[in-house]
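Q: fold the stuff below for me.
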Amino acid sequence: MTRLFLSAQAYSKWQSLPQEDRSRVSQFLFRLEKNPLLGVKLWGKQDLYLYQSREGLKIVYRFAQEQVQVVGIRVPQEHPFTTSNRICAIILAAGKADYEDIPAQLFPIDGVPLICRVTEAFLTSAIDDLVVVLGYQAERVKKELTNKDIKTVVNPNYERGLSSSLRYGLRMVSRDTAAVMLTLGSRPFIKSEVVGTLITAYKRERAPIVAPAYHQIRGHPVIFNASLVPELLKARGNVGGREVIRRHREDLMEVDVGDAGMFTKIEN
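A: Predicted coordinates:
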């Protein structure tokens, strides 16, 4: 079992922080204790690692023999840990798929293009920002999203897997965002009430990961605290946040939403 220690200098720095900042730094230290490989090795310093959060917190540490020794902590002067409630939803809708010779994103459901049904569930909820990542037939799909309060970004490398689109979406997130909500563009039956329930649960509990569940089956969308964005950015291949959830299983809060629409998708 990995154990974490703070050097005298690191402990003094941690102790000097305001209470709110100290609590947030402690969360990062706890995650580092559970997964020391979150950091990267420093050039020319074989025994030193650097872990940097999205907000700019830097932790320098040594890792050997199941021990993490923190030798330095640097918190940006602008105090990035001020509590924010902003939540940005990211819809990954770049994949190549056709239904009856129509791009999946434009397949009509009750006369409404699939992508419009997905986005509407978020636009009518308490989401602060909505980002849609497009790829296949991007220009055709984008036309359906005009005049809507949506940020769109095109991933030219969408065939490289879901993680590629995830990185494009995360780059559109503003720095004052507290959490990101991820979902797939192939889930047109997600209800705005489910989105609202998850947002309420996150703001109440501040769990690092919040996911909906129905009959003990986890679905979409999933909320990730902004502190996990650096890990999400490291995802590779055809995966989104699945590996981050696996690594932080003890940080996951599942919310029973009583609705199967969160994992129902259009089939060929």
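Q: where along this protein do the helices fall?
A: 8-16, 19-34, 114-123, 138-143, 162-170, 192-205, 229-233, 242-247 (DSSP state H).
Q: closest one to Phe107 among those?
A: Smallest distance to Phe107 across the helices of the chain (CB to CB): 4.8 Å, for helix 114-123. Glycine gets a C-beta too; all of them are placed from N, C-alpha and C.
Q: give the buried residues for the closest one.
A: Neighbour-count burial for helix 114-123 flags Leu114, Ile115, Cys116, Arg117, Val118, Thr119, Ala121, Phe122, Leu123 (criterion: 16 or more other CB atoms under 10 Å).
Q: stretch 58-65 now?
A: In terms of neighbour count (16+ other CB under 10 Å), stretch 58-65 has its buried residues at Ile59, Val60, Tyr61, Arg62, Phe63.
Q: roughly how far does Ala64 sit from Asp47?
A: Look at Ala64 and Asp47: by CB to CB, to the nearest Å, they are 7 Å apart.
Q: can you list the helices of the chain in JSON lines and add distance to Ile223 and mean pLDDT?
A: Below are the helices of the chain laid out as JSON lines (distance: least, CB to CB, whole Å; pLDDT from 0 to 100):
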{"stretch": "helix 8-16", "distance to Ile223": "27", "mean pLDDT": "88"}
{"stretch": "helix 19-34", "distance to Ile223": "16", "mean pLDDT": "83"}
{"stretch": "helix 114-123", "distance to Ile223": "12", "mean pLDDT": "94"}
{"stretch": "helix 138-143", "distance to Ile223": "25", "mean pLDDT": "93"}
{"stretch": "helix 162-170", "distance to Ile223": "14", "mean pLDDT": "94"}
{"stretch": "helix 192-205", "distance to Ile223": "5", "mean pLDDT": "92"}
{"stretch": "helix 229-233", "distance to Ile223": "12", "mean pLDDT": "89"}
{"stretch": "helix 242-247", "distance to Ile223": "11", "mean pLDDT": "89"}
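Q: closest one to Val75 among these?
A: Val75 sits nearest to helix 19-34 of all these, at 6.1 Å, using CB to CB.
Q: buried set for that closest one?
A: Neighbour counts using 16+ other CB under 10 Å place Asp21, Arg24, Val25, Gln27, Phe28, Leu29, Arg31, Leu32, Glu33, Lys34 of helix 19-34 among the buried residues.
Q: what is the orientation angle of that helix with helix 8-16?
A: Going by axes from the mean of the first three to the mean of the last three CA atoms, to 10 degrees, helix 19-34 is angled at 140 degrees with respect to helix 8-16.
Q: from the chain's centre, how far out does helix 19-34 sit?
A: 18 Å (CA atoms, centre = their mean, to the nearest Å).
Q: how about stretch 182-196?
A: 15 Å.
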